[in-house]
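1. my questions concern the predicted model and sequence given below.
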Number of protein chains: 2
Amino acid sequence: MMSDNRSPRPQRSLPLAVRDDLLRFMDEQQLGPGDQAPTEAQASQMFGVSRSTAREALRLLEQDGVITVVHGRGRFLSAAGTLRVERPISKFESVTEMLEALGYEPKSAVLSVEQAPASAQEASDLSIAQDDPVIRLFRLRFTDDEALIYSVDVIPRDFLPGPIAHRDWSGSLTTALAAQGHAIVSSVARLRAVNLPREVEDRYSLHDLGPWLLIEETCVSRSGQKVLYAQDYHRGDQMAFNVIRRR
Amino acid sequence: MMSDNRSPRPQRSLPLAVRDDLLRFMDEQQLGPGDQAPTEAQASQMFGVSRSTAREALRLLEQDGVITVVHGRGRFLSAAGTLRVERPISKFESVTEMLEALGYEPKSAVLSVEQAPASAQEASDLSIAQDDPVIRLFRLRFTDDEALIYSVDVIPRDFLPGPIAHRDWSGSLTTALAAQGHAIVSSVARLRAVNLPREVEDRYSLHDLGPWLLIEETCVSRSGQKVLYAQDYHRGDQMAFNVIRRR
DNA sequence: CGGTGATCGGTTGTCTGACATCATGCCCCA
DNA sequence: TGGGGCATGATGTCAGACAACCGATCACCG
């Protein structure tokens, strides 16, 4: 029997901790697709939590596609659990975080910053009024003199107060927004294969770098506001993205 | 107060029904981002279910990014609810299904079919032994004489028995596999922006169609077997993919 | 008068126990 | 031997209670 030595730091919620315990347990037991996962009763006893909490933990596993539930029978390992994928795109992370996870030391060149009234497109994407002031930030991420990402970020002016001239824009926008109480918790993104816009190619000498993967992303803060609209052009020969798909 | 006229048709689970009721309710009330959603107590009373069920329904909404929960305060609408995401890529669908959902009438040209020993790459991707026999299927999807997708499908021979010469390869591979008891339930995909391989461009006259979005996808069946390795090249100017991201 | 800590009402998180519903396999009987 | 009822074990739902947390109010004290 396993002890519930989880007393010192709940920190994250109990169900999350139990979920991880369950994952560890099933990993140790070398369970494969089709095998039965611990039942609610077993899980609650194994880890010393109530059935509700155990049930919640199992539901988290179901949400991740690790198990599927059959009423009256039990829960069973699904095939998706065997597919481990690192950094799925469905997990939000900032460009900075992503590059660091890839082992790059992300350097960032600020091409320009400006404050301007929102275009119709931007206003629509950010659910603000047209001509509301926004900050537009053009940057180039690179490593070892190799361009990796050309990005355009649009932020409603209110979310990032203070003079734009004296801020260090080379750092992470998401942490800057988080410092203002607008931590990003989710986003909706759209992926397309494109060429870099001609004028960008010309202005920054980014010719002949092949196709780019454009990610247009609207980011939502914890309070439910759209705080950032980003267009990130990723070098196709350098960057790739993984995703788990389920029926 | 709302009545619980849900007696005749449970059908789908109770929490799912309550979730939809909640969505309708919040829509009628014209709640916007930042507004508070019904509490667990309110929801359980409104729809005549226990608090556990109401809680579960609210959790489903949270899972969809419609609301965010704050311990001790309540649940609040997120702007993500206003961003409706059609056909998120995390939801598995076959190329045929996708094209139909886009309103295309997918026509499919079989460029070639062959049986051959698996390459090292293919063997690794499909977790089979090198030189195990596989079927290789090269196709072009198009509509109105416009090429949309160039695809290469690799299937271990065992999963699709019978003579390969007399099969209609223009239909959906996933349904063919499902008919053999190998229905695809999940997959791992990798997205990249690329140019079409030179020899493919030349052979099929696919020049000057701009960048392509390459999706390399390993599909697994319910029993956990890897039954299909697909490379789908999507025309960048025609196809785009959406995804919801969460921290 | 102003700051500060206690208290309270509201909300989500967790626990306990019970019953309903569903799926399966066994046993008994016709 | 075949079939139906039933025991068993699993998830689904219900009810009630208490804990943890947050925000606002209010009384107290310097």
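-> Received, thanks.
2. show me where chain A has its helices.
-> A:14-28, A:40-47, A:51-63, A:95-101, A:120-126, A:173-179, A:198-204 (DSSP state H).
3. burial measure for whatever residue of chain A ends up closest to DNA strand C, as a count.
-> Relative to DNA strand C, the nearest point of chain A is A:Gly72 (2.6 Å; CB to the nearest atom of the strand). C-beta here means a position set from N, CA and C on the backbone, and glycine is covered the same way. If you count neighbours by other CB atoms under 10 Å in any protein chain shown, A:Gly72 ends up with 4.
4. repeat that for A:Lys107.
-> Count around A:Lys107 with other CB under 10 Å applied: 14.
5. so what's it up against?
-> A:Arg141, A:Phe142, A:Thr143, A:Ser170 (CB atoms under 8 Å, 6 or more residues apart in numbering or on different chains).
6. coming back round to it: what does the pLDDT read for the residue of chain A closest to DNA strand C?
-> The model reports A:Gly72 with a pLDDT of 94.
7. leaving out the residues flanking it, which one is nearest to the residue nearest in space to the middle of chain A?
-> What sits nearest the mean C-alpha location of chain A, by CA atoms, centre = their mean, is A:Phe92, with 0.6 Å. Nearest residue to A:Phe92, sequence neighbours excluded (CB to CB, 6 or more residues apart in numbering or on different chains): B:Arg245, at 3.9 Å.
8. just A:Ser119 next, same as before
-> In space, A:Ser119 is closest to A:Gln130, 7.4 Å off (CB to CB, 6+ apart).
9. and if you look at A:Ala183?
-> Using CB to CB, 6+ apart and skipping the chain neighbours, the partner closest in space to A:Ala183 is A:Arg222 (5.3 Å).
10. which stretches of chain A have low pLDDT?
-> A:1-11 (pLDDT under 70).
11. tell me where chain A has strands.
-> Listed in chain order, the strands found in chain A under DSSP state E are A:67-70, A:74-77, A:107-117, A:133-143, A:146-156, A:184-194, A:212-221, A:226-235, A:241-246.
12. how much space between A:Gln42 and A:Leu61?
-> 14 Å (CB to CB, to the nearest Å).
13. so for the two, which sits in the more crowded spot?
-> A:Leu61 (24 against 15).
14. show me the beta-bridge partners of the residue lying closest to the more buried one once chain neighbours are set aside.
-> Of all residues not flanking A:Leu61 in the chain, A:Ile67 sits nearest, at 4.9 Å (CB to CB, 6+ apart). Here A:Ile67 sits in beta bridges with A:Leu77, going by DSSP bridges.
15. can you pull the contacts of A:Ile67?
-> A:Ala37, A:Leu58, A:Leu61, A:Arg75, A:Phe76, A:Leu77, A:Ser78, A:Gly81.
16. could you give the number of residues near the residue lying closest to A:Ile135 once chain neighbours are set aside?
-> In this structure, A:Ile135 finds its nearest non-sequential neighbour in A:Ile155, 4.7 Å apart by CB to CB, 6+ apart. Counted with other CB under 10 Å, the neighbours of A:Ile155 add up to 22.
17. re the thing from before, how about the contacts made by the residue nearest to the centre of chain A?
-> Counting by CB under 8 Å, 6+ apart, A:Phe92 has contacts A:Ile184, A:Val185, A:Ser186, A:Ser187, A:Cys219, B:Arg245, B:Arg246, B:Arg247.
18. can I get those residues in JSON lines with neighbour count?
-> Listed next are the contacts of A:Phe92 as JSON lines, based on neighbours: other CB atoms under 10 Å in any protein chain shown:
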{"residue": "A:Ile184", "neighbour count": "23"}
{"residue": "A:Val185", "neighbour count": "19"}
{"residue": "A:Ser186", "neighbour count": "21"}
{"residue": "A:Ser187", "neighbour count": "24"}
{"residue": "A:Cys219", "neighbour count": "28"}
{"residue": "B:Arg245", "neighbour count": "22"}
{"residue": "B:Arg246", "neighbour count": "15"}
{"residue": "B:Arg247", "neighbour count": "12"}
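19. and those as CSV, adding distance to DNA strand C?
-> Shown next, in CSV, are the contacts of A:Phe92 (distance: CB to the nearest atom of the strand, whole Å):
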residue, distance to DNA strand C
A:Ile184, 20
A:Val185, 14
A:Ser186, 16
A:Ser187, 22
A:Cys219, 23
B:Arg245, 21
B:Arg246, 15
B:Arg247, 15
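20. between the residues you listed, which is nearest B:Thr174?
-> Comparing the contacts of A:Phe92 against B:Thr174 with CB to CB places B:Arg245 closest, at 26.1 Å.
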